[in-house]
Every structure is written in structure tokens, then in C-alpha cells.
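[1] I would like to see how this sequence folds:
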Amino acid sequence: MQVYKPLFGLCLTAVIITIAPLFWHIRHRNFPAIFLIFWTLIQCSFQLACSIIWGGEDVETMWDGHIFCDIDVKLLIGTGVGILGSVAAMARHLAMIMCKSSLVYNTKAGRRKQLIYDILFAFGTPIWIMSFHYLSQTNRYDIMQYSGCLATVDNNYLSLFMLFIWTPIWGLVGCYYAGMTVYRYFLIRREFREVLQSSQSGLTVARFARLLIFCYLVIGVSFPLSIYVFYLNCVAGFHAYSFEAVHSMMDFQTVRRYPAESPLFDSWQGFVIAFLLFFFFGIGSDAIDMYRTWLVSLGFKRVFPKWKWLNQKPQSTGLTGLYGTGDESLETKFGTMQASILQKSRAE
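    Sure thing, here's the model as predicted:
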């Protein structure tokens, strides 16, 4: 078994560096970001496995991928729209915070309603696409060298409206909310701090800016890619839909194999988003404190007693994220664990 080392190394790195941002967002209950990391990890994990299984030179003699590829293609056809839907949910939160009349985070009912919206944004359309994929699925799947499992879709008008059109739509939704956030900021820039505080979102100015810039960058990576893929499908042309015609093109159990000189261009998307996640949420002061907490809990303080460990009380942000209550205590599970470890550290 040969491994395609460039893709393997990048995907493995992507999986590792998203762990810290995942814990950071779980601690602060930033559900849209958690959902984004979920889709990113799915994409990177499956691409990592594919670079190992189909990274050799002779794709015709390699494993046929039964069961593994059946799961892979269903999840991956929802990944692109899931990523854009999650980012759109993040941008929507920021736009609502900028609305002075919005009291969405001030009540439990409002926060529950926003969570429902987030779940629909991040998972509604992917589940829709996965569910209707079979209607236009010509054969079980294809396998391409280096890239691995590929979903097969017939270019008919049903596919256009059921599958292909959703990634550009969610990209536009994300662009709309991100643009609305900036527009509303300029309308209330003199009152920005007061509006941010009164929203009870728990965001500081720095974190708000970090989230907004992150949304713009992820949209800047994913949206053009979705437009390009949609363009390729349109250039190929569409025809009338017929269930019998789609499923009589070939034996459904057929697994076609294709050699390639390099992985497909969209194989690198997950790594780029993972790098952005780590850059924005994995190297900040909060993340550094979290790393130190992990090292102390693993006993590194006893091994290196002269190092400066967690000798200062971590800053209480007065937040638990977009769904927090604004309580000054560290009320989340991870925050409570960190506070306990810090107390033991100071006692030693």
C-alpha cells in the first residue's frame, strides 16, 4: 500500500490542528463554529483515509471500497453545503447582534430558537441532498487515484434543483449576512460597544472582529469553489429527468476507476479551512491557557517544575458564547475543569 504523502501530511495536520478550536468553541457554546468544524473534520478524515488507500500508482488493482465509499460519498456530497451553511449561520449571528432591537440572546426561548436555526442552516440542506442523491445516482460510486471515492450524479434538471444549486445559494446567504454585518456596523459604529454588550452574546470586540474576518475568509475559499463546480456542471449541460433512464445507464453496482496525476482541486479545501480555524482560534491567549491546562492535567508541571505554568487566574470572559447567560462564573464543563486544575496548580 502506497501513500500519497503531500495529501496525507496536509490532511493529518488538518485533523490535528482542528482539535483545539473544537474544544475552544465547545467551551463557549459557539454552535455554528462547532458544526463547521464537524464538516471540516469529516472532509479531512475521509480524504486522509483515501490518500492512504488509493495513493498508489495502479488504481485498477486497489481495494474496491465497498461500504467505506458508500458512506464516504453520501457524507461528502453534503460537506460543501454544510460548510457554507455553518458559515452562513455564524454570519447571521453577527448580523443579528448588530441590530439594536434584537434581544434574541436575552431569553432562553430566544437562544433555543437560534440553535434550531443553526441546526437547520448546517444540517438541513446536507440531509436533503444526501436523501435525494439516489434519484440521480447512476452507479454505486467511482474511484479516482489519490482523491478516492467520488459520488456519481447524472446531469439532469432534477439534479440541478435538488443537488447542484444549493452550495451557491448558501454561499450567497453567507455573503448577504456578512455584508449586512459590516453595513450595520457602520450605522452604529459610535454605539458599537454598547450594542455588543447589551446583546448579551458574550462577545468582546476582538472576538467579534475575529469571527467576522474568519467568516469572510471561509466564504472567500468555499464560495468561489462552489461557483466553479456549478459552472462546470452547467457547461456539461442538463437534460430531462427520467428515473428509468438514470438507473439503466449501467449496472448500479459498477465501480469505475480513473487514474490521475494529482488529487482533485477540491481535495485541499478542508485543509485550508482547518488552517484558518487554527490560525483564528488555536493560537489566541484563551487557547494557550487551554493548552497549559491540558499539560498540567497530564502531569507536566511535576516533570518541569521550573517552567512558568498556570500561575495566574485565567481571565473570566463573562460569557459562555453566543448562547451564554452572561454569568461571570466559568459555568461550562470545560471552564469548570480548567478552574479546578488551576486551583490545584496554585496549591502545589
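
[2] tell me the domain boundaries of this protein?
    5-281, 285-347 (automatic domain parsing).

[3] okay if I get the ones you listed as a markdown table plus mean pLDDT?
    Shown next, in a markdown table, are the domains of the chain (pLDDT from 0 to 100):
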| stretch | mean pLDDT |
| --- | --- |
| domain 5-281 | 87 |
| domain 285-347 | 52 |
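
[4] hey, which of the ones you listed is tucked in deepest?
    Stretch with highest mean neighbour count among the domains of the chain: domain 5-281 (a mean of 18; mean count of other Cβ atoms under 10 Å). Every residue, glycine included, has its C-beta placed from N, CA and C.

[5] any idea which helix or strand comes after the longest helix along the chain?
    In the chain, with assignment by DSSP state H, the single longest helix is helix 205-236. Next along the chain after helix 205-236, taking DSSP states H and E as the criterion, comes helix 243-246.

[6] Quick one: list the elements packing against that next one.
    Packing partners of helix 243-246 (3 or more Cβ pairs under 8 Å, 6 or more residues apart in numbering; DSSP states H and E): none among the helices and strands.

[7] So what's the gap between that helix and the chain middle?
    Averaging C-alpha positions (Cα atoms, centre = their mean, to the nearest Å) puts helix 243-246 34 Å from its chain's average.

[8] Equivalent analysis for stretch 54-64, please.
    For stretch 54-64, the distance to the chain centre is 29 Å (Cα atoms, centre = their mean).

[9] Start and end of that stretch, how far apart?
    Stretch 54-64 has its terminal residues 10 Å apart, counting by Cα to Cα, to the nearest Å.

[10] how near is the residue nearest to residue 269 when sequence neighbours are not counted to residue 266?
    Excluding its sequence neighbours, the residue lying closest to residue 269 (Cβ to Cβ, 6 or more residues apart in numbering) is residue 225, at 6.2 Å. To residue 266, residue 225 is 6 Å away according to Cβ to Cβ, to the nearest Å.

[11] Now the common contact residues for the two.
    Residues touching both residue 225 and residue 266 by Cβ atoms under 8 Å, 6 or more residues apart in numbering: residue 80.

[12] Who are the contact partners of residue 13?
    Applying Cβ under 8 Å, 6+ apart, we find residue 13 in contact with 271, 274.

[13] That one: helix or strand, and which one exactly?
    Secondary structure (DSSP H and E) places residue 13 in helix 5-17.

[14] C-terminal to that helix, what's the next element?
    Assigned by DSSP H and E, the successor of helix 5-17 is helix 19-27.

[15] Restrict that next one to CA atoms and write it as CSV.
    Extracted C-alpha coordinates of helix 19-27, given in CSV (Å, rounded to 0.1, in the frame of the first residue of the first chain):
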residue,chain,number,x,y,z
ILE,A,19,-8.9,19.7,17.9
ALA,A,20,-8.0,22.8,19.9
PRO,A,21,-10.5,25.1,18.1
LEU,A,22,-13.2,22.4,18.5
PHE,A,23,-12.7,22.4,22.3
TRP,A,24,-12.5,26.2,22.4
HIS,A,25,-15.8,26.5,20.7
ILE,A,26,-17.5,23.8,22.7
ARG,A,27,-16.4,25.6,25.8
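
[16] would you list every one of the helices in the stretch 151-300 of the chain?
    Assignment of helices within the stretch 151-300 of the chain using DSSP state H, counting those that start in this stretch yields the ranges 157-159, 166-187, 192-198, 205-236, 243-246, 269-281, 285-297, 300-303.

[17] Setting aside sequence neighbours, what's the nearest residue to residue 291?
    Here the residue nearest residue 291, using Cβ to Cβ, 6+ apart, is residue 20, at 7.1 Å.

[18] That neighbour against residue 289, yeah?
    No. At 11.3 Å, residue 20 does not count as touching residue 289 under the criterion of Cβ atoms under 8 Å.

[19] Check which helix or strand the residue most central in space within the chain maps to.
    Central residue of the chain (Cα atoms, centre = their mean): residue 36, 2.2 Å from the mean position. Residue 36 is part of helix 31-53 when elements are defined by DSSP H and E.
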